[in-house]
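Asker: got a structure for you, letters missing:
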DNA sequence: TGAAAGTACCGAAACGTTTCGGCTGCACCG
DNA sequence: CGGTGCAGCCGAAACGTTTCGGTACTTTCA
């Protein structure tokens, strides 16, 4: 069916060996011969059999990517962007990208084993690492080359890329502080998400630096169902916050709804910053100030890091932490005047 | 490194041949031997080398998927869902899924050639087919087994899956008609999108059946930039529509904004139905009635169809058209009373 | 009881590539 | 001029699997 190296060899009257060496740009083939072989290969529409190559050199020239689908009810743009980034870095290095979408909640990485041991891929990128994720140890024990997207907390003897959530939260809060806010609430998701820990840490850090941390304004473990009620209660308390940092788009929307109900306007009476920039955040009224994760970039880095470690395994674990950027839109403004009775001595940076 | 069939053979004192036949469940191996071989394979954590297998049987047991990334500014949930569906059908049949994400606008399918000719995959699913897409003919000429997601118009000598956009539009319009509406506007995207043609056709069909088609209410080629202005002008004309069918979430949002500006409330003064159900549509205020595309299902069907055609090439092209479903939410209601001066004699079905 | 049929296994070749070692000529050197 | 080195090419083995054809032994049955 397909053209093989032998066909080319016959065609130019040389050996298969020389054809192979020519196409792989080895040294001891005469330049003229090389050119001729390349031309014929082109003409015959030759594409090397990947299986034979893999079998021989024991390298698949392919990477595996495990993305969680069906886990989140609201499909985030994050995964698509991440995939795009990783695909780009794979394309750049001429390796293929295999997808292993895990629907199931059990999240067993057994399929990795088949992919890696069966030499289908050389390594895998595993996503959505939780703060205490068993998959990391499993992968380490199985000696499967991998890069994680997301961190476990308190363990870093493996390769990962992650967004610097602490820096993002800190930057957001500092921006609010510069606007005069001191009562800044935090609405977070399930604490087992990898990012939760770090976002909260950044939030703490920034508030502690002006000694304005109030545990009463901190909420975690919120869901799409519980968010509206919590948002309402936060805004209705007598000493309500003047700003909110929300860890997901739907949390921010819940806050905005609640504010509207309470007759508060954004950003005049309440500033809102949301984690993760996506279309629904951008199109909200008003468009939201957001901590934007460079998802595509993260995908690229994950691919690059994995390829790097495959080529030089002696390097040991390496991490790439990418700082998110604060995109200032119209949901943030100065602290409202009438709330200035606040006791805290905020120093406007 | 990895365990091979030879290792197992040595371990049980049999030949490689028998090991292979046992693991592939061939007939002439004694049941007891089979069990023993399986047990040892398990114990040695054996995973067959995919490359060797592919090389020998000339089948990759893998499918390629080409998804367009970076084309749409607003990442739709559609692609992620589609990927998930295709991944599921691949998993079900024990074949792997290779991703070939095309960022570039040129959309050259040259990489397919490498994948298919190099026996990396057995066939490909190619997405986002436009109404007149050159890739279809290229694939046909190159004799690459493929299934398209989306149709060209006026050509169907190839395999495709698609959503029945005409049926979706028709159902939506008929629902509006049942609510008493007769002046129903259509806001569409770029006509070269595959779905545009069919959605419009369904819209026409439904309106013609009650002789209420007014070309003045039909707009195509809208973009995120032009949508707000068009929406305003549509709603400000003296004989304005009482309902709108929007072909994308941002078109619907533009209409709702414009309505709000004009002092019209949804659904009391204006009904809105949107194509494609996604989080931003669901969370809109009010939540929108939507034509929901079964994207995951489409991905599954695409995978199944491709595998089916690979197994039985003699079948020739086959199509799978999946009807979308109308999800009724709060953005649609009866025709407003004060608009009943309308001349059309609408028969409420 | 001898042939035929069936069962359970095996040897070896093949898939298409890469690569090791070796082979030819030719140029260059003392 | 004999030897050395090098440029350019090649044969053959190997990667791990599947499968064709065959063999040895057992059972069946005329």
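Answerer: Okay, I see it. This is a predicted model, so every value here is computed, not measured.
Asker: can we go C-alpha only for contacts and neighbour counts from here?
Answerer: Fine.
Asker: which residues of chain A lie near DNA strand D?
Answerer: A:13-18, A:28-31, A:33, A:52, A:55-56 (Cα under 7 Å from any atom of the strand).
Asker: tell me how many other residues surround residue A:209.
Answerer: By other Cα atoms under 10 Å in any protein chain shown, 10 other residues sit near residue A:209.
Asker: next one: residue A:109
Answerer: 17.
Asker: do the one 5 residues further on as well
Answerer: Residue A:114 has 18 neighbouring residues, counting by other Cα under 10 Å.
Asker: quick one: pLDDT of the residue in the stretch 201-349 of chain A that chain B sits nearest to?
Answerer: In the stretch 201-349 of chain A, the residue that lies nearest chain B is residue A:280 (5.4 Å; Cα to the nearest Cα). Residue A:280 is assigned 80 on the pLDDT scale.
Asker: list the contacts of it.
Answerer: Residues in contact with residue A:280 (Cα atoms under 8 Å, 6 or more residues apart in numbering or on different chains) are A:249, B:280.
Asker: tell me the SS of it?
Answerer: helix (DSSP: H, G, I helix; E, B strand; the rest coil).
Asker: hang on, residue A:271 packs against residue A:244?
Answerer: Yes: counting by Cα atoms under 8 Å, residue A:244 is a contact partner of residue A:271 at 6.2 Å.
Asker: let me see the domain layout of chain A.
Answerer: A:5-48, A:62-163+A:295-323, A:165-293+A:328-339 (automatic domain parsing).
Asker: just want the residue of the stretch 51-200 of chain A that's nearest DNA strand D.
Answerer: residue A:56 (3.4 Å; Cα to the nearest atom of the strand).
Asker: next, count neighbours for that residue.
Answerer: 12.
Asker: chain center to the strand or helix carrying it, what's the gap?
Answerer: Take DSSP states H and E as the rule and residue A:56 turns out to sit in helix A:50-57. Mean C-alpha position of helix A:50-57 versus that of the full chain (Cα atoms, centre = their mean, to the nearest Å) differs by 32 Å.
Asker: format the domains of chain A as a markdown table; extra columns: distance to DNA strand C.
Answerer: Shown next, in a markdown table, are the domains of chain A (distance: least, Cα to the nearest atom of the strand, whole Å):
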| stretch | distance to DNA strand C |
| --- | --- |
| domain A:5-48 | 4 |
| domain A:62-163+A:295-323 | 13 |
| domain A:165-293+A:328-339 | 39 |
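Asker: residue A:163 contacts residue A:321, correct?
Answerer: Yes: if you go by Cα under 8 Å, residue A:163 and residue A:321 touch, sitting 5.5 Å apart.
Asker: where does chain A dip in pLDDT?
Answerer: For chain A, the stretches with pLDDT under 70 are A:1, A:70-76, A:102-108, A:338-349.
Asker: when residue A:163 and residue A:321 are compared, which one has more neighbours?
Answerer: For residue A:163 versus residue A:321, neighbours defined as other Cα under 10 Å are more numerous around residue A:163 (23 against 15).
Asker: separation between the more buried one and residue A:139?
Answerer: 21 Å (Cα to Cα, to the nearest Å).
Asker: now the angle from whatever helix or strand residue A:89 lives in to helix B:77-92?
Answerer: Element membership of residue A:89, judged by DSSP H and E, is helix A:77-93. If you take axes from the mean of the first three to the mean of the last three Cα atoms, to 10 degrees, helix A:77-93 sits at 70 degrees to helix B:77-92.
Asker: is helix A:77-93 up against chain B anywhere?
Answerer: Yes: on the criterion Cα under 8 Å from any Cα of the partner chain, helix A:77-93 is in touch with chain B at A:77, A:79-81, A:84, A:87-88.
Asker: between the residues you listed, which sits nearest residue A:229?
Answerer: Within those, the smallest distance to residue A:229 is 26.3 Å, found for residue A:77 (Cα to Cα).
Asker: report how many residues lie close to residue A:314.
Answerer: Other residues near residue A:314 come to 8 when the count uses other Cα under 10 Å.
Asker: name the SS class of it, please.
Answerer: Secondary structure of residue A:314, per three-state DSSP, is helix.
Asker: cool, and the one 3 residues further on?
Answerer: Of the three states, residue A:317 takes coil according to three-state DSSP.
Asker: just to revisit the earlier point, tell me the helix or strand right after the helix holding residue A:89.
Answerer: For helix A:77-93, the following helix or strand on the C-terminal side (DSSP H and E) is strand A:96-99.
Asker: quick one: strands adjacent to that following strand?
Answerer: strand A:62-66 (parallel), strand B:96-99 (antiparallel) (DSSP bridges).
Asker: any chance of CSV for those, columns mean neighbour count and distance to residue A:189?
Answerer: As requested, the strands paired with strand A:96-99 are exported to CSV (neighbours: other Cα atoms under 10 Å in any protein chain shown; distance: least, Cα to Cα, whole Å):
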stretch, mean neighbour count, distance to residue A:189
strand A:62-66, 24, 22
strand B:96-99, 24, 31
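Asker: same list (those) but as CSV, adding distance to residue A:154.
Answerer: Converted to CSV, the strands paired with strand A:96-99 look like this (distance: least, Cα to Cα, whole Å):
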stretch, distance to residue A:154
strand A:62-66, 23
strand B:96-99, 34
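Asker: what about the ones you listed, which gets the closest to residue A:199?
Answerer: Per Cα to Cα, nearest to residue A:199 of the strands paired with strand A:96-99: strand A:62-66, 24.1 Å.
Asker: other residues contacting that closest one?
Answerer: Under Cα under 8 Å, 6+ apart, the answer for strand A:62-66 is A:90, A:95-102, A:115, A:120-127.
Asker: what of stretch A:151-170?
Answerer: Applying Cα under 8 Å, 6+ apart, the external contacts of stretch A:151-170 come out as A:129-133, A:140, A:146-150, A:194-195, A:197-203, A:205-206, A:291, A:293-294, A:298, A:301-302, A:305, A:316-326.
Asker: tell me where the stretch 1-150 of chain A has helices.
Answerer: Here the stretch 1-150 of chain A has its helices, by DSSP state H, counting those that start in this stretch, at A:5-12, A:16-23, A:31-43, A:50-57, A:77-93, A:110-117, A:134-142.
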